[in-house]
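**Student:** Next comes the sequence, and after it the predicted model I'd like to discuss.
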Amino acid sequence: MRSEDRRNRVRVPLQKSIRHSTYQVLGTPVFQESSAIDLSSNGISFETSREYATGNLVLLEVEMVSEPVKLLVCVAWVKPLQDGRFSIGAELVAIDPVQRKQMQGHLAQLMKDAAKGKQPTKKKQPTKKKQAEKKQAKKKLVKKKAKKSASSSKKRR
């Protein structure tokens, strides 16, 4: 997992097999089996033995309730794992509107299950910029209180 997590959608753990292939306009895709890690309404992460480059378009088939949902995603990040495999994070580019509804329904159910404690979801961490802004605001507040305290001390004398 990267130290700075910029995802802004709730994601849920997804213990499902997926099939993936490099996207190609012409020809038949050659799928490879892998396992999904988590899923959100605008992205997915999965592990694979195939090394994709950032920016690659990948065609995914994710098993949902009734049938596989086909997603076109763009690789956002790649992290090598110790066993020679790769952890891939990808952003959703295209999905059939009917399948989008299926996926959203499935995600809603997974989130309900997670809320009941079946599987924990990861919380979004504040960015470095937000942390710096918060620290700066705190410093200003401390200075303001110190000034106020000093001026009230002078008035008493």
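**Tutor:** Thanks, I have it.
**Student:** report the longest strand in this protein, please.
**Tutor:** Criterion DSSP state E: the longest strand present in the chain is strand 68-80.
**Student:** List the strands paired with it, with their directions.
**Tutor:** Partner strands and pairing direction for strand 68-80 (DSSP bridges) are strand 57-63 (antiparallel), strand 86-95 (antiparallel).
**Student:** Tell me which residues of it come out buried.
**Tutor:** Going by neighbour count (16 or more other CB atoms under 10 Å), the buried part of strand 68-80 is Val69, Leu71, Val73, Cys74, Val75, Val78. Using the backbone N, CA and C atoms, a C-beta is placed for each residue, glycine as well.
**Student:** So for that strand, mean pLDDT?
**Tutor:** If you average the pLDDT over strand 68-80, you get 91.
**Student:** With only the CA atoms kept, save that strand in PDB.
**Tutor:** Written as PDB, here are the backbone C-alpha positions of strand 68-80 (Å, rounded to 0.1, in the frame of the first residue of the first chain):
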ATOM      1  CA  PRO A  68     -19.300 -11.500 -14.800                       C
ATOM      2  CA  VAL A  69     -19.100  -7.700 -15.000                       C
ATOM      3  CA  LYS A  70     -16.800  -6.400 -17.700                       C
ATOM      4  CA  LEU A  71     -14.700  -3.300 -16.800                       C
ATOM      5  CA  LEU A  72     -12.200  -1.300 -18.800                       C
ATOM      6  CA  VAL A  73      -9.700   0.200 -16.400                       C
ATOM      7  CA  CYS A  74      -6.500   2.300 -16.600                       C
ATOM      8  CA  VAL A  75      -3.500   1.200 -14.400                       C
ATOM      9  CA  ALA A  76      -2.800   3.900 -11.900                       C
ATOM     10  CA  TRP A  77       0.000   2.200  -9.900                       C
ATOM     11  CA  VAL A  78       2.000  -1.000  -9.800                       C
ATOM     12  CA  LYS A  79       3.700  -2.400  -6.700                       C
ATOM     13  CA  PRO A  80       6.100  -5.400  -7.000                       C
END
